Each structure stands twice: as C-alpha cells, then as structure tokens.
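1. sharing a model that was predicted from the sequence below.
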Amino acid sequence: MIKKILLLGGVFTASLFGAMDASTLYWASDAESDAPYIFHDINDYEKIIGFEVEIVDSIAQKIGKKTVFVQNDWDSIIAGLQRGHLYDIAINGIDVTPDKQRFVNFSIPYYITYYQLVVRADNKSIHSLADCAGKSVGTLKCSNAYQYLEEVGNVDIRDYTSEVNGFSDLKIGRIDAVLFEAPIDLFYAEPDTSLKKTGGPIGKIQYAIAVRKDDKLLLSQINRSLYTMQHNGELRKILERWKLWNPYTAAYLNDYSTVVIEPDGYNDFLNCFYKNISWAERFERYFGAWPFLLDAAWMTMKLSFVSMIFAISLGFFIAIIRVYGPMPIQLLSMLYIEIVRGTPLLIQMLFIFYGLPLIGVEFSPFVAGILALGINYSAYEAENYRAGLLSVHRGQMEAARALGMTHNQALRYVIIPQAIRFVIPPVTNDFISLLKDSSLVSVITIVELTKAYQQLTTNHYDYFGMGILVAAVYLLLGLPFVRFSRWAEKRLTYRYMRHKALEKKKIIF
Amino acid sequence: MENSKPLISVKNLSKSYEGHKVLGKISVDIEEGDLVSIIGPSGCGKSTFLRCLNCLEIIDSGSVVIDKIALERKSANEPISDDFHDKAHQLRQHVGMVFQAFNLFPHKTLLQNVMLGPLVVKKEKPDIVEEKARHLLRKVGLSHFAERYPESVSGGQRQRAAIARALAMNPKVMLYDEPTSSIDPEMVDEVLQVMRDLDKEGMTQLIVTHEMKFARDASDYIIYMEHGEFIEISDEDEIFIAPKDERTRRFLRNFM
C-alpha cells in the first residue's frame, strides 16, 4: 500500500537504454498534490500515500506487475507521458477533457467529483458562482474551474499551483473565495472552522488514468482491472477509506447501497494535520524528513556541480572564439550568447527534455537537466570570461607576441592566467545562482531540494520550520564553493601583490 | 663585402589607417651595431614605424628585411598569406621590443618574466633558461629583485627588466618605443645606461625617444621624422648644430 519513493536518476538512465522493465508498471504523479490524492506521509516522509496510490497498487496487482513511482511536476505530467521512456501511466487527479484526449488516451473514470466554492466562515456575500463577480477568487492553474470563473466575467482570478496556498491566502484575506475540486475541500477546508463551503456543486469532473495513445494493451488491462475494482467493491472501499464516496460516483457506478467502512485514511490525515504538535514532536518530524531532504540535496549538488563544470568549460571556449576567433565565428558565438541568455531557462529545459524527443533526440532527465543548466549558464560564463579577457591590457598581448609567442601561446601563458583572477568573483556568483536555479529540473521528473521542500510542506503548511531547514541546506551546499573561490582569489592576489602589500605595511587580506 | 650588407633594410614602407596616411614610402638601411635615434613631433609616425619593423602593425606596401628575413607586400589590398604570418613570426623572434608602458607580465616575477620567452617559444630547458635569466638581470642591475613582481618595483627597474626580457630571446635588433617616457626623471638614466652598455657590445638598436641629450650623445645617427616621412637622417652632431631642413630646425628649437 505504501510505496518507497524512487527518487532520482537510476531508473531513468536505465529506461533510456531500453531497460524499462516490462514487468513493472511505471506510474507518474506529483507528490506535491496534497491529500487525498498523493502526498508524503507526515509520520514517515519517505512514504507516499493517498487514494490514487492505492488504486495504482490494486491495478498493478491485477495485471501482475510491480510498481515504480516516478515523480513529475503536475504541469508536465502529460508531456512526460507522451514523450515516452519515462513512465507508462499518469494518475494525478487528471480530469478527462477533449484537449488532453487529443494527446493521450484515458481509462474509464475511477472517480467523479465537482468543483466547490469555499469562503471564509464570516462571509455573507458569496453564495454562488455569479456572486464572484468583482471578487478575487483563487483556483488551480489550467483547470476547468478557471473557465467557469472566466464565464462569470469581472472576476479577479488568481492562479495557484497548490491548493494549500489558496486556502492560506483565503484565510488571511488576500482573496475572497476559492474554487477547487471537492476532495481538496474535504481535507483542507471542511475541518477548518475558519472556512466554509458555499453554494452547490459546480461542474462535473471525471478522474481517469492517462495512457499513451499507442499503448492499447496496457489501456485495456487497466480498464479491465478498474472494471473489476468497480464491481467487487474494491474501488468503493478505497474511496470510502478516504471519505470520498459521493452521489456522483454512486450514480456512475450505479451503487446506491449503504455500507459502513471506516474512513481510516481521512482520520489519520486529520489526526496528523490538525493536531497542535509540540516543538519536540515537530523536531522529531524534521528529523524524519532528513533522509528525504538529504537525497534531494545530494541531487541538487550533483546537478549543480556537473552543470557548472560544463558551463565553465563551454563558456570558456565560447569566450575565446568570441574574442579571438575569425569574424563569422565571432558572430556565431555572439548569436549563441544572445539566444541562450535571452530565453528563459525553463523553456530551454522543457524544450530539451520534451521537445527534442520529437526529432529523435532523447536524454535521460539528469542529462537533460545538466544540458539545460549547463548551456544556459555557459552563455553567462562566456560573458564573464570575455570581460576577463578584455580587462587584460592589450599591451600584454603585444609584449607576448613581440617575444615571439604565437597567438595561442600568448593566450595560454599571458592572457588567460590574468583573466582568471578577474572572473573568480562573478563565476562564484553564478554558481550560487545556478545552485538555486537547479530547482527548475522538477519539471523534468527530478526531485531536488526545492521540490522536496514543496512536497513536504504542502500537505501540512509547515513553511516556517521546513523553510528554515531547507534554506540552511542550500547555504551549506554553496558554502564550500564560496570558501574555495575566496581561497583561490586570495591566493592569486596574494602572490601577485605580496611585495607591494609588504612595502606599504598594510596587509588587508 | 658580406659585412657591408645592412642588417635592416626598409624599402618604400607605407602604412595608412582608414585612409589616413601614417607612413609614406619610407626607405632606410641600418648597419649591424648601429644605435639609431628617431625623433620628431607627436603623431609623426615614429612609433608606427617601429611597430611595423616588429610586425605588431602589418605594413600596407613595401618591404622590410631584417637579418635576411624578408617581408613584402604590394598593396594594402593584398591578402595576408600564411607565408607572411610565418615570416612575421620568425622575424619577431629576432627582434626585441621594449614598450613605453613596460608591458611586463604582472602575474609573474621579474625572473619569470625574463624566462617566459625562451621557455615557451624556444622550449629551452628551465635550468639553463633560469641561469641565463639571472645573468641578464644581473647585467641590468636587478639581481636582487629577481623574485619581485613588477607591481613592487620602480618604473626604471621595470623597464630594465623589460629590456632583460627582450634580450633573453637573443635578438639581433632591439627596438625601443619611448622607453623612458613613463619613468620618473631620476630613474631615466639607469635605463639609458643599459642601452649604452648594449651599444658597446655591438647590439643594433633603434630608439624612438624624446631624450634629445641621449640621442645626441649616444646615437650613431639620428632620424628626424615628420608627417610619416624621414625628413633628415644625419650624423648626431650635424642635426643639432646645423640641421639641413627648416622643419628639423623648427622642431629642435623648441627642445634646445
């Protein structure tokens, strides 16, 4: 029932080389999705739980496969499925819409729900969708709810990537209402006395499992399994466990019987989530999160170091040809710098990972992450080096040439050693920046520190303690590099200026 | 007869920048062992002439022959061939250059500055190079400063180190582009003394300078330049006592 999360590269590199195990069902979801869908167990951070996890487990068991969870951002979950070689199915509260049906196939629905308006408990003005006119209303990015609100007209619509943030903004009065899917309200709004539901159900949402268009066999296996689960009571049991059973689903399954099944999942969640915990318990919780954060931090570090080495080498090469190459090559490298620097890293990353496979170029997530970060930063590094090279006085080149050195010898022995000292501070700066930008790889299925932080915080609001914890980890990661560059800078400067400093009896280092 | 062939032979050397003529058809022969001073007003093309001899500037047309290495170009439109580049590269190895701004390598000690050329260009053995470099530093009076960085020595010391650096390549000719213009007056003489010593050893030297006294005392002859042309080439005393050309007279009047 409860899955160990498979973080990071191993599986993906394996799958890249065609080793995606046929006896395993690779399923994707975003563990940042909150209860009851899929979320980290507060009592054991390394486990993910939720009703969708249980549905997948049951299906896998029926078709005789093991399961492996693949983390991907909600935004790119369909793109990742379509791309192939990452995972077989996506299940993440994905509602069936004609838009998505153009790209992927959907199984039969496993749950039917609706949108629900939620307001602050003291609100008396909003009772229906129409009352939202002139108000600020939060909803989830790219959902049908957005359309409903647009149709009302004159609504200040606020996009959220996570519902939990919507609720907290609602509570502190930043917005007047939220329009989310009913299961979320059940877990985050209903138990909260400062919030209340208002008006009736809006729209109808069908959750189904997304499968690649060409995966006909798998689709029929999943449909058959779901069908069995619908009829042997298994599905209902799962839904009841999470207190999700509703009239819509009952009508869909034509099941109007009364059964009494304890909502264990729901109760457990409430116990954890709404309990006032002591600091001791809180620290115990953080301690539990540590292995998960450590894995994520290791990923951030690997990504950042490898990308930076790549960026520095490539940038160095580009800078040299930009400054000293023949004219057409100078122009090319200038173009490279402008294009790479002038377009968002996120778009580059999505392009490399989801776009390039369309023309047959496919990288594992880790390699794609390195490429995107490395290429993006190489443009900045190239400019750093260019500034460094240009800051070396042209008399240096002349003196070297006059000694009979070739152009390359002059660069190697005279110009570059001087340029390097100039570029240490800006390169350090960029490394720190890259360390943080590496968080963007969450869109290509990699879990690194920021993503881990989001996953751990969204299901229980602890932005404070967890925020400090993760910030500290980032600082610790950057520190060795900062120390190293200080040391290098000092060493070079010291050697260079030693005697002058001694003469003046003023040593500032 | 072999001896009478000039070490440096320049014929019809021309150079323009963006249509503006800097050097116009200059011709001159310089014998081995001569010390020649080039004087003239600012912007007259003296530095450019010197830089053309070392191919830091590429000539538009004419020819430069130094120690049998001949560089020739018909016109500024003629593409610069690889052969030209090769010869220019060879030529630089036989010609030492000293700059007004010293252009020592700031990231290296004086000793390393002197050693770098032979190590990188000639690929000589480090211990031999070091011995020679120390010898050269001693010769220019800097043996106690070998381990210092350029930042930490005076202008005169820097320029002497720069001369030692150029000498380390065993040049046939030394070119000096206003070698004392950036140096405090009390340090000028120590640099000029190095050049006098080299003259005694028979080094061929061309000096662009504003040091009239030095030009007069030390030169074998003096070239007066104006508007990119050699106005007068004459014996060191002659030019100061009885300049042939009115323009030379006018220029020197301001100095004397």
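-> Yes, it's here.
2. please make it C-alpha for all contacts and neighbour counts, starting now.
-> Fine.
3. what helix or strand does the residue of chain B positioned farthest from its centre sit in?
-> Outermost residue of chain B with respect to the C-alpha centroid, by Cα atoms, centre = their mean, is residue B:127; its distance is 28.6 Å. Counting by DSSP states H and E, the element that carries residue B:127 is helix B:126-139.
4. need the next SSE after that helix, C-terminal direction.
-> helix B:155-167.
5. what is that following helix packed up against?
-> If you count contacts as 3 or more Cα pairs under 8 Å, 6 or more residues apart in numbering or on different chains; DSSP states H and E, helix B:155-167 packs onto strand B:95-98, helix B:110-120, helix B:126-139, helix B:185-200.
6. could you tell me the end-to-end distance of stretch A:235-248?
-> Stretch A:235-248 has an end-to-end distance of 14 Å (criterion: Cα to Cα, to the nearest Å).
7. which residues sit against that stretch?
-> Here stretch A:235-248 makes contact (Cα atoms under 8 Å, 6 or more residues apart in numbering or on different chains) with A:36, A:51, A:54-55, A:110, A:112-113, A:183, A:226, A:229-230, A:261-266.
8. how's chain A carved up into domains?
-> Domain assignment for chain A by automatic domain parsing gives A:23-107+A:213-276, A:112-206, A:299-503.
9. dump those domains to CSV, plus mean neighbour count and distance to residue B:148.
-> Formatted as CSV, the domains of chain A follow (neighbours: other Cα atoms under 10 Å in any protein chain shown; distance: least, Cα to Cα, whole Å):
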stretch, mean neighbour count, distance to residue B:148
domain A:23-107+A:213-276, 19, 59
domain A:112-206, 18, 62
domain A:299-503, 19, 7
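10. contacting residues around residue A:358?
-> residue A:83.
11. nearest spatial neighbour of residue A:477, skipping sequence neighbours?
-> Closest residue to residue A:477 apart from its sequence neighbours, by Cα to Cα, 6 or more residues apart in numbering or on different chains: residue A:301 at 6.9 Å.
12. let me fix that: residue A:348
-> Nearest residue to residue A:348, sequence neighbours excluded (Cα to Cα, 6+ apart): residue A:372, at 6.1 Å.
13. any idea how far residue B:240 is from residue A:296?
-> Distance, residue A:296 to residue B:240, using Cα to Cα: 83 Å.
14. now do residue A:21
-> 96 Å.
15. looking at these two, which has the bigger crowd around it?
-> Neighbour tally, residue A:21 and residue B:240, criterion other Cα atoms under 10 Å in any protein chain shown: the higher count belongs to residue B:240, 18 against 14.
16. wait, is that one part of a strand?
-> No - counting by DSSP: H, G, I helix; E, B strand; the rest coil, residue B:240 falls outside a strand, being helix.
17. model confidence at it, what's the number?
-> pLDDT, residue B:240: 79.
18. quick check: mean pLDDT across the strand or helix carrying residue B:28?
-> For residue B:28, the element it lies in under DSSP H and E is strand B:20-30. The pLDDT scores in strand B:20-30 average 90.
19. quick one: buried residues of that strand?
-> B:22-27, B:30 (16 or more other Cα atoms under 10 Å in any protein chain shown).
20. that one: what's the following helix or strand?
-> Next along from strand B:20-30, by DSSP H and E: strand B:35-39.
21. what angle do the next helix or strand after that next one and strand B:35-39 make?
-> As assigned by DSSP H and E, the chain's next helix or strand after strand B:35-39 is helix B:46-53. Computed by axes from the mean of the first three to the mean of the last three Cα atoms, to 10 degrees, the angle separating helix B:46-53 from strand B:35-39 equals 140 degrees.
22. and the angle from helix B:46-53 to strand B:20-30?
-> Counting by the same axes, to 10 degrees, helix B:46-53 lies at 60 degrees to strand B:20-30.
23. least confident secondary structure element in chain B?
-> helix B:236-241 (a mean of 75; mean pLDDT, DSSP states H and E).
24. the stretch 151-256 of chain B against chain A: which residues are in contact?
-> Within the stretch 151-256 of chain B, the positions near chain A by Cα under 8 Å from any Cα of the partner chain are B:151-152, B:166, B:169.
25. tally of neighbours for the closest residue to chain A within the stretch 1-150 of chain B?
-> Closest approach of the stretch 1-150 of chain B to chain A (Cα to the nearest Cα) occurs at residue B:93, with a separation of 4.6 Å. Residue B:93 sits with 25 neighbouring residues when counted by other Cα under 10 Å.
26. give the contact list for it.
-> A:402-404, B:169, B:171.
27. quick check on it: phi, psi?
-> Note on residue B:93: backbone dihedrals following degrees, to the nearest 10 are phi -70, psi -20.
28. likewise residue A:48?
-> According to degrees, to the nearest 10, residue A:48 has phi -110, psi 140.
29. what's the nearest residue to it if we skip its chain neighbours?
-> residue A:40 (4.4 Å).
30. pretty sure the one you found sits against residue A:53.
-> No - assessed by Cα atoms under 8 Å, residue A:40 is found out of contact with residue A:53, at 11.1 Å.
31. how close does the closest residue in space to residue A:43 that isn't next to it in sequence sit to residue A:267?
-> Counting by Cα to Cα, 6+ apart, residue A:43 lies nearest to residue A:285, which is 7.1 Å off, once chain neighbours are set aside. With the distance defined as Cα to Cα, residue A:285 ends up 19 Å from residue A:267.
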